[in-house]
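S.K.: got a structure for you, letters missing:
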């Protein structure tokens, strides 16, 4: 029995490191870079790639185009036909191509903007991607994380944008939702700071939201703000501001009635009962009156 | 005895000046720490083993991969899945197991001699829950082909910082005895970027 336990212990000891070894965690920092570069100039900088797990891994770095589709900003990393190949402006050099457990590697980048580039916004992403080796039948998974690079090529750029819409339906089920759409009609990205508050009818602030989002040129960005701790029932006042390009646009105050599905169902049941009582009462009175009329006719 | 007075005077002076000296020795230290924006992607393994012992009617193995994303970005992150290479097949030399005919929007029940993925609650996959299976009869869960490199599918979009936010991706391989033995592999890539 003792030998069996020892054997099992040895087997476990052999397998546990292998299971741990397989785990991979790749991290990149920072998550975005925003730079102004003159046409014909070169800018250098550094990001970092980290291994925050127990297993070493090989990795590669490369730049890819960055664009978004839809108002929810679904990112895309492939070239758009006819668009400038921003990824070709990048030269990347990682200090290491293999990261040991809990180690960091510098990733130096050089961005060279061609001299004839028109002023405006250009976008790319620096990827760090693991290079897992194939181990047996199945699906080998590579992990990649990216730093989004916002480049403003200096010159005569158009900075123009506005709040396209601000929507807060007056009747909602939890969670309470607000939607702000911000439109960029210029030639370069800008950051919009959205600040909203949700107050109860007594003026107490229940939710205070403030976030900054980049909006790319010729795009509309929809930002949905959800109050996760919305109570089942209540009347709330929602308002705020959007700061963009040095201007503050107010978001008009709106009132919202929040009622959960359960309360709505309960209300329907209650109203149905009240209606039934009313109808029964009516029928009772009608029958009583009819009976009285019949009795009176019989007497006469 | 003649030194008694000067010693006393010096002691008194020392007592008077001591706080001044102590005051002169203090200095303010500013503690500064810049917290940088990070995004990290973690998986439990480099390869998801989906080994199958084929049967005449077709046997199915379903295995999962746990994808964990952490970021301090206030606007959250997007997680995508795509093929890493040009081929969507599981390949073993010249032998292949083709990808499912389904897509994330319209996944299909696994056909024999196909492989695919699913994420419960995403796209048209339905709520699940999917469970692991080994060499079982082909089940009713729906699966999709991993999309091409150029058109990755979005598995998750968040709008807040995330700490160890888990997405479970299921892979299935179904094979009958017409599939030659071998080590069939395909490489996919998970991408995480901040919003």
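M.R.: Received, thanks. Computed from a predicted model, the values in this text were never measured in an experiment.
S.K.: name the residues of stretch B:27-40 that come out as buried.
M.R.: Buried residues in stretch B:27-40, counted by 16 or more other CB atoms under 10 Å in any protein chain shown: B:37, B:38, B:39, B:40. Every residue, glycine included, has its C-beta placed from N, CA and C.
S.K.: out of these, who's near chain A?
M.R.: Restricting the buried residues of stretch B:27-40 to those within reach of chain A (CB under 8 Å from any CB of the partner chain) leaves B:37, B:38, B:39, B:40.
S.K.: next helix or strand past the longest strand seen in chain A?
M.R.: Identified as the longest strand of chain A according to DSSP state E is strand A:138-153. Where DSSP states H and E defines the elements, the next helix or strand beyond strand A:138-153 is strand A:161-167.
S.K.: in its sheet, which strands sit next to that following strand, and in what direction?
M.R.: Applying DSSP bridges, strand A:161-167 is found paired with strand A:176-184 (antiparallel).
S.K.: run a quick neighbour tally on residue A:85.
M.R.: For residue A:85, the neighbour count with other CB atoms under 10 Å in any protein chain shown is 12.
S.K.: please give me every residue in contact with the residue nearest to it when sequence neighbours are not counted.
M.R.: Excluding its sequence neighbours, the residue lying closest to residue A:85 (CB to CB, 6 or more residues apart in numbering or on different chains) is residue A:79, at 6.3 Å. Contacts of residue A:79 were listed using CB atoms under 8 Å, 6 or more residues apart in numbering or on different chains, and they are A:65, A:85, A:87.
S.K.: what of residue A:256?
M.R.: A:168, A:169, A:170, A:171, A:172, A:176, A:235, A:236, A:237, A:238.
S.K.: please identify the buried residues of stretch B:130-138?
M.R.: Residues of stretch B:130-138 classed as buried: B:130, B:133, B:138 (neighbour count, 16+ other CB under 10 Å).
S.K.: redo these as CSV? Include distance to chain A, pLDDT and secondary structure.
M.R.: CSV is the format used below for the buried residues of stretch B:130-138 (distance: CB to the nearest CB, whole Å; pLDDT from 0 to 100; DSSP: H, G, I helix; E, B strand; the rest coil):
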residue, distance to chain A, pLDDT, secondary structure
B:130, 15, 94, coil
B:133, 14, 94, strand
B:138, 18, 94, coil
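S.K.: circling back to that earlier point, show me the contacts of residue A:256 that map onto strands.
M.R.: Among the contacts of residue A:256, the members falling in strands (DSSP E) are A:171, A:172, A:176, A:235, A:236, A:237, A:238.
S.K.: I'd say residue A:67 and residue A:123 touch.
M.R.: Yes: the criterion here is CB atoms under 8 Å, and residue A:67 meets it with residue A:123 at 6.6 Å.
S.K.: what residues are shared contacts of these two?
M.R.: residue A:216.
S.K.: which SS class is residue A:258?
M.R.: Assigned state for residue A:258: strand (three-state reduction, DSSP: H, G, I helix; E, B strand; the rest coil).
S.K.: burial count for it?
M.R.: For residue A:258, the count of nearby residues is 20 (other CB under 10 Å).
S.K.: can you check residue A:49 too?
M.R.: Burial measure for residue A:49: 25 neighbouring residues, criterion other CB under 10 Å.
S.K.: I'd assumed residue A:27 was in contact with it.
M.R.: Yes: here residue A:49 reaches residue A:27: they are 7.2 Å apart, a contact under CB under 8 Å.
S.K.: between the ones in strands among the contacts of residue A:256, which is nearest chain B?
M.R.: Closest approach between these and chain B, by CB to the nearest CB: residue A:176, at 14.7 Å.
S.K.: how much space between that closest one and residue B:99?
M.R.: Using CB to CB, to the nearest Å, residue A:176 is found at 42 Å from residue B:99.
S.K.: next one: residue B:56
M.R.: Residue B:56 is 23 Å from residue B:99, by CB to CB.
S.K.: quick check: phi and psi on residue A:54?
M.R.: Reported as degrees, to the nearest 10, the phi and psi values for residue A:54 are phi -80, psi -10.
S.K.: ok, it touching residue A:23?
M.R.: Yes: Residue A:54 lies in contact with residue A:23 (CB under 8 Å); the separation is 6.4 Å.
S.K.: which of the two has more residues huddled nearby?
M.R.: When residue A:54 is set against residue A:23 and neighbours are counted by other CB under 10 Å, the residue ahead is residue A:23, at 18 against 14.
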